[in-house]
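Novice: With the sequence up front, the predicted model follows.
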Amino acid sequence: MAKLLGLRCRECGAEYELQATHVCEMCFGPLDVVYDQAALKKIVSRQRIEHGPASMWRYRDLLPVEDDVPVVTLGEGFTPLVKADRLGAELGLRNLYLKNDSMNPTNSFKDRVVSVAISWARAHGFETIACASTGNLANAVAAYSARAGLECFVFIPVDLEPQKVVSISVFDPNVVAVRGNYDEVNRLCSQLLESTPWAFCNINIRPFYAEGSKTLTFETIEQLGWKLPDEIIIPIASGCQFVRHRQAIRELIDYGLVRDDRVPALTGAQALGCAPVYNAFKSDTPERVLPVKPNTIARSIAIGNPSDGIYVNRIALETGGVVEAVTEDEIVAAMRLLARTEGIFTETAGGVTIGVLAKLAQAGRWRGDEVVVAYVTGHGLKTADVLASVDGHARRVEIEPTLKSFREKVNI
Amino acid sequence: MTVTVEATDLGAAIDALDTRYPGFKDRLLDQQGQLRQFVNVYLNDEDVRLGAGLAAKVSEKDEISIVPAVAGGS
């Protein structure tokens, strides 16, 4: 069954054949994949999904990869949804859940989008995969390109965290370190498209890539027993992921996978050091997102010129969500709070999400019995250096290998 | 692709492009004459929205880049 009909501009509705292109020729609007919904309605069911693999590919019917295409997979997705009772107790939330997407093959959410993107690209004859990245995407692209046996070029800002560069380079891609920030890297890649026959995951094949994000929400709702939560807290970089989560909820309702049709509040989280979407949300003109120069430890979400920013604010307002932001200190405090209460070590971007969750809880946003889910999208070892001053050597108690020394120095 | 036009500010440069490629301006600017949401314009690598916008002055050596905004991230 050919379930994919084409691409459609989100702004003006212009339609295009399925191809590696991401921008409307008429208005520069973003292109989205169009599915044959009538055909899908006949086959999509909870049972069919539940009998699928224990990976995000259990939602294959709702992803832009035709049935006969072999997928490039490392077992991404179907990550744990954990009920966070200890963190919830600190925040006054009795039904708090964390979707721990740091449990993906390369330890971030990006494996979902990259698995879809590279599967699509390989099936459509691309021999080189590329991306502009703040680190996590390059990590996933390098790993999945290796898995697929495809040539790989990743473009990263020159000052990326050293541990991220190691976990990218080990897969032997071509690593291009650009003397500039992410927005400049991204712009260079957009310009390179004209002269290279490459599949840039988050540029020319972005319509397909972006669709992989939906599986995070599909899984969360399945793991909640096919029930929609009251609110979901999502980190905001370009906002691309946020938009897909709204679409995922629409599809769950349209395909009858959930009985409820009460759309959860979708809330966005940014670091104050790079908060263009938050700034617009707080202003009188939430759909006018002005670019900023990023300056934050939350590097993986430090996009100063977020392409989907206006959609984030539109969706947040439509669903009763908000966009909130936290300081650098609050990010670190939230990383430590999550680790201390739930045993989950997240990167700085996760600190932003948990920081916003904590900030909203403390401000009295919830009564306490609402079902709230926070998306933890990357592992703490990716950005461990930000904790070195508080959780490194300073936290140790150093002793001699004697009982005497232990008793003298360790309080038990 | 690269082209050369003569103008003293960015708005005039877009007008000059429109003369050469009729309809170009409508693709770039909305009905209020502002840059469309999904177009980024850079003057010597600086996003013009961070500066004077369409009123930005340009001179002989300046380079203007017009790049679709929908890219990046996830």
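Specialist: Everything's here; your move.

Novice: CA atoms for contacts and neighbours, from now on please.
Specialist: OK.

Novice: List of residues touching the longest helix along chain B?
Specialist: When chain B is parsed with DSSP state H, its longest helix is helix B:10-20. Residues from elsewhere that reach helix B:10-20 (C-alpha atoms under 8 Å, 6 or more residues apart in numbering or on different chains): B:5, B:6, B:7, B:24, B:25, B:53, B:54, B:55, B:56, B:57, B:58.

Novice: Could I get the average pLDDT for that helix?
Specialist: Averaged across helix B:10-20, pLDDT comes to 94.

Novice: now swap in stretch A:296-308 and tell me
Specialist: On average, stretch A:296-308 scores 94.

Novice: can you list contacts of that stretch?
Specialist: Contacts of stretch A:296-308 (C-alpha under 8 Å, 6+ apart): A:134-136, A:182-183, A:235-240, A:243, A:270-277, A:290-295, A:328, A:347-349, A:352, A:386, B:38, B:69-73.

Novice: and residue A:252, what element?
Specialist: helix A:240-254 (DSSP states H and E).

Novice: Going by contacts, tell me the helices and strands next to that helix.
Specialist: helix A:206-211, helix A:214-223, helix A:309-319 (3 or more C-alpha pairs under 8 Å, 6 or more residues apart in numbering or on different chains; DSSP states H and E).

Novice: Taking helix A:309-319 as reference, get the angle to that helix.
Specialist: Calculated by axes from the mean of the first three to the mean of the last three C-alpha atoms, to 10 degrees, helix A:240-254 forms an angle of 40 degrees with helix A:309-319.

Novice: got the angle for the next helix or strand after helix A:240-254 vs helix A:240-254?
Specialist: From helix A:240-254 onward toward the C-terminus, using DSSP H and E, the following helix or strand is strand A:265-271. Interaxial angle of strand A:265-271 relative to helix A:240-254 (the same axes, to 10 degrees): 170 degrees.

Novice: Would you double-check that residue A:155 falls in a strand?
Specialist: Yes - per DSSP: H, G, I helix; E, B strand; the rest coil, residue A:155 lies within a strand segment.

Novice: neighbours around it, how many?
Specialist: For residue A:155, the neighbour count with other C-alpha atoms under 10 Å in any protein chain shown is 23.

Novice: what do you get for residue A:262?
Specialist: There are 13 residues near residue A:262, going by other C-alpha under 10 Å.

Novice: residue contacts, it?
Specialist: residue A:228.

Novice: and it, how far is that from chain B?
Specialist: As judged by C-alpha to the nearest C-alpha, to the nearest Å, residue A:262 and chain B stand 26 Å apart.

Novice: Name all residues that make contact with the residue positioned nearest the centre of chain B.
Specialist: In chain B, the centroid-proximal residue (C-alpha atoms, centre = their mean) is residue B:41; its distance is 4.6 Å. Residues in contact with residue B:41 (C-alpha under 8 Å, 6+ apart) are B:47, B:48, B:49, B:64, B:65, B:66, B:67.

Novice: can I assume the fourth one is in contact with residue B:47?
Specialist: No - taking contacts as C-alpha atoms under 8 Å, residue B:64 lies outside contact range of residue B:47: 9.8 Å.

Novice: before we move on, back to that, ok, which of the helices and strands packed on helix A:240-254 comes nearest chain B?
Specialist: Closest approach to chain B among the helices and strands packed on helix A:240-254 (C-alpha to the nearest C-alpha): helix A:206-211, 6.3 Å.

Novice: list the helices and strands that closest one packs on?
Specialist: Using 3+ C-alpha pairs under 8 Å, 6+ apart: helix A:206-211 touches strand A:31-35, helix A:110-123, helix A:240-254.

Novice: got JSON lines for the ones you listed, with mean pLDDT and mean neighbour count too?
Specialist: Converted to JSON lines, the helices and strands packed on helix A:206-211 look like this (pLDDT from 0 to 100; neighbours: other C-alpha atoms under 10 Å in any protein chain shown):
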{"stretch": "strand A:31-35", "mean pLDDT": "97", "mean neighbour count": "22"}
{"stretch": "helix A:110-123", "mean pLDDT": "98", "mean neighbour count": "26"}
{"stretch": "helix A:240-254", "mean pLDDT": "97", "mean neighbour count": "21"}
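
Novice: Those into TSV, with extra columns for distance to residue A:335?
Specialist: Shown next, in TSV, are those (distance: least, C-alpha to C-alpha, whole Å):
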stretch	distance to residue A:335
strand A:31-35	34
helix A:110-123	20
helix A:240-254	22
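
Novice: which one of these lies closest to residue A:17?
Specialist: Closest to residue A:17 of those, according to C-alpha to C-alpha: strand A:31-35, at 9.8 Å.

Novice: The closest one pairs with which strands, parallel or anti?
Specialist: strand A:4-9 (antiparallel) (DSSP bridges).

Novice: how far out from the middle of the chain is the strand it pairs with?
Specialist: Centre-to-centre, strand A:4-9 and its host chain are 23 Å apart (C-alpha atoms, centre = their mean, to the nearest Å).

Novice: Ok, stretch B:12-19 next?
Specialist: Distance, centroid of stretch B:12-19 to centroid of chain: 9 Å (C-alpha atoms, centre = their mean).

Novice: And the lowest mean pLDDT element among the helices and strands of the chain?
Specialist: No chain was given, so I picked chain A. Within chain A, no helix or strand scores below helix A:388-391, which has a mean of 81 by mean pLDDT, DSSP states H and E.

Novice: you looked at the wrong chain, it should be chain B
Specialist: Per-SSE averages on chain B (mean pLDDT, DSSP H and E): minimum strand B:46-47, a mean of 86.
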